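Novice: With the input below, show me the fold.
(one chain, ligands or ions: 2)
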Amino acid sequence: MKVLVVGSGGREHAICVSVAKSPKVDKIYCAPGNAGIGQIAECVDIGAMEFDKLVDFAKEKEIDLTVIGMDDPLVGGVVDKFEEAGLRVFGPRKNAAILEGSKEFSKDLMKKYNIPTAGYENFDSPEEAMKYLETAKMPIVLKADGLALGKGVLICQTREEAMEGVKTLMLDKKFGEAGNTIVIEEFMTGKEVSVLSFVDGKTIKIMTSAQDHKRAKDGDQGLNTGGMGTFSPSPFYTDDVDEFCKKYIYQASVDAMAAESRPFTGIIFFGLMLTEDGPKVLEYNARFGDPEAQVVLPRMKNDIIDVFEACIDGKLDEIDLEFEDNAAVCVVLASDGYPVSYEKGFEIKGLEQFDGKDGYYVFHAGTKLDDGKIVTNGGRVLGVTAKGDTLKEARANAYEATKLIDFDNKYMRTDIGKEL
Ligand code: AMP
Ligand code: GLY
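Specialist: Ligands and ions are numbered 1, 2, ... in the order given. Below is the predicted model of the structure:
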């Protein structure tokens, strides 16, 4: 069969690697892809938001299955466009992708269906928001309602900071329309865990857990980024936590969406905070995490095509999702200066040393081909993943493997998974 993957990051590279392992697949296309993806798929110069072009391409090439990796096209309704054209596609429709696309929607859903989450209020008026903050307990969290590249969340220690935050989001419109409505939410403390799942509208199957490191610098210091590294499984995701989430969060979320006539098919990513009062949902995403996909997918034993098809056909109950009994760590190699400003266009050396190296992966994020050479083309450049019998071993393997890669301005955190 022929498969089209939509997106261009490390997550989409990891999806392509899993798809390429399926004996059912003869050909992979990726729109728009990147230099690493180009080694296993044919990259097509169509942007992820160019829905009509994507549909035309899928029809012309007789694509059997399209997999949408990114949030923007999902929230924008790309799946509906494919379905209207009679094409098979993996991902939630627009009316379900709102689970990620609107924080106001997801918070109201959790409240209505008693799914544990932080207490909150929604505001569409900056005056009302500021009035509320006058007496609210600090620290407090402000969230832009819409998609903001994972950056629309402000953790405010003081009242002044919170007032300033309302101005940034709602008046200065730092994240554009995404800040027309904001959620003001209780600040929670605890360990964070990412749990990804496959969903077919009614059945949910949980993948192995993971945890990412969002801050740019060692010791979880510095600015928030798209993710500087990740590991799987999370040792904090205990059997008790799993049992609690199965009882109160996972199926409850899927059932809530179905009850709202928004059946969810695709990936639900649960961002969980393990608080003193038990696990609570920080956020939902409607797609694989990036870089979580780079540690979770390499450990999955199933043929990913079977799982995608089961989700689309509403037969996920027939799938026994299996993961290797080991661990994986992914260290992101970034351009120094990320996430603020950084140079691009430096040649990347040493990539070929990963060819055929069992248990090791180098997933491309910001790379491109330039005159036959692979060069840096973004803030997050590569994700180096290694497996091991234990997290400690996987971590040692991953850091050893980062030494194989060289480019100017190479920057990484040195403590991914270190507290373990
Ligand atoms: P989100 O995009 O909603 O996951 O938020 C991004 C990050 O902000 C999360 O991964 C948490 O580290 C932090 N965060 C979000 N909401 C809260 C909260 N209510 N309390 C504490 N930290 C939070
Ligand atoms: N790693 C967090 C995310 O993909 O949103």
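
Novice: any low-confidence regions in the stretch 301-420 of the chain?
Specialist: 420 (pLDDT under 70).

Novice: quick one: the helices in it?
Specialist: For the stretch 301-420 of the chain, the helices defined by DSSP state H, counting those that start in this stretch occupy 304-313, 391-402.

Novice: swap in the chain?
Specialist: 10-21, 51-60, 71-76, 78-84, 94-101, 103-112, 126-135, 159-166, 239-245, 251-259, 293-296, 304-313, 391-402 (DSSP state H).

Novice: Check which helices and strands the first one is in contact with.
Specialist: Pointing back at helix 10-21 there. Of the remaining helices and strands, those touching helix 10-21 by 3 or more CB pairs under 8 Å, 6 or more residues apart in numbering; DSSP states H and E are strand 2-7, strand 27-32, helix 293-296, helix 304-313, strand 360-364, strand 380-388. Any C-beta I mention is one placed from the backbone N, CA and C, and that applies to glycine too.

Novice: What is the least confident helix or strand in the protein?
Specialist: Every helix and strand of the chain was ranked by mean pLDDT, DSSP states H and E. The lowest is strand 221-224, at a mean of 89.

Novice: Tell me the residues on the chain that lie near ligand 1, please.
Specialist: 118, 141, 143, 150, 153, 155, 185-188, 192, 214, 271, 282-283 (CB under 6 Å from any ligand atom).

Novice: and stretch 273-291 with ligand 2, contact?
Specialist: Yes: counting by CB under 6 Å from any ligand atom, ligand 2 is contacted by stretch 273-291 at N285, G289, D290.

Novice: re the thing from before, now mean neighbour count and distance to ligand 2 too, for the helices of the chain, in TSV please.
Specialist: Formatted as TSV, these follow (neighbours: other CB atoms under 10 Å; distance: least, CB to the nearest ligand atom, whole Å):
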stretch	mean neighbour count	distance to ligand 2
helix 10-21	26	7
helix 51-60	17	22
helix 71-76	22	8
helix 78-84	19	18
helix 94-101	23	9
helix 103-112	19	13
helix 126-135	14	25
helix 159-166	18	20
helix 239-245	15	18
helix 251-259	18	17
helix 293-296	31	8
helix 304-313	20	18
helix 391-402	19	17
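
Novice: Pipe these into TSV and attach distance to T265 per row.
Specialist: Putting the helices of the chain into TSV (distance: least, CB to CB, whole Å) gives the following:
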stretch	distance to T265
helix 10-21	16
helix 51-60	18
helix 71-76	11
helix 78-84	8
helix 94-101	7
helix 103-112	17
helix 126-135	35
helix 159-166	35
helix 239-245	20
helix 251-259	10
helix 293-296	18
helix 304-313	6
helix 391-402	32
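
Novice: what's the closest of these to K344?
Specialist: helix 10-21 (16.3 Å; CB to CB).

Novice: Can you pull out the residues in contact with the closest one?
Specialist: 3, 5-7, 25, 28, 30, 33-34, 36-37, 40-41, 67, 69-70, 287-291, 293-294, 297-298, 300, 303-305, 332, 361, 363-365, 380, 382-383 (CB atoms under 8 Å, 6 or more residues apart in numbering).
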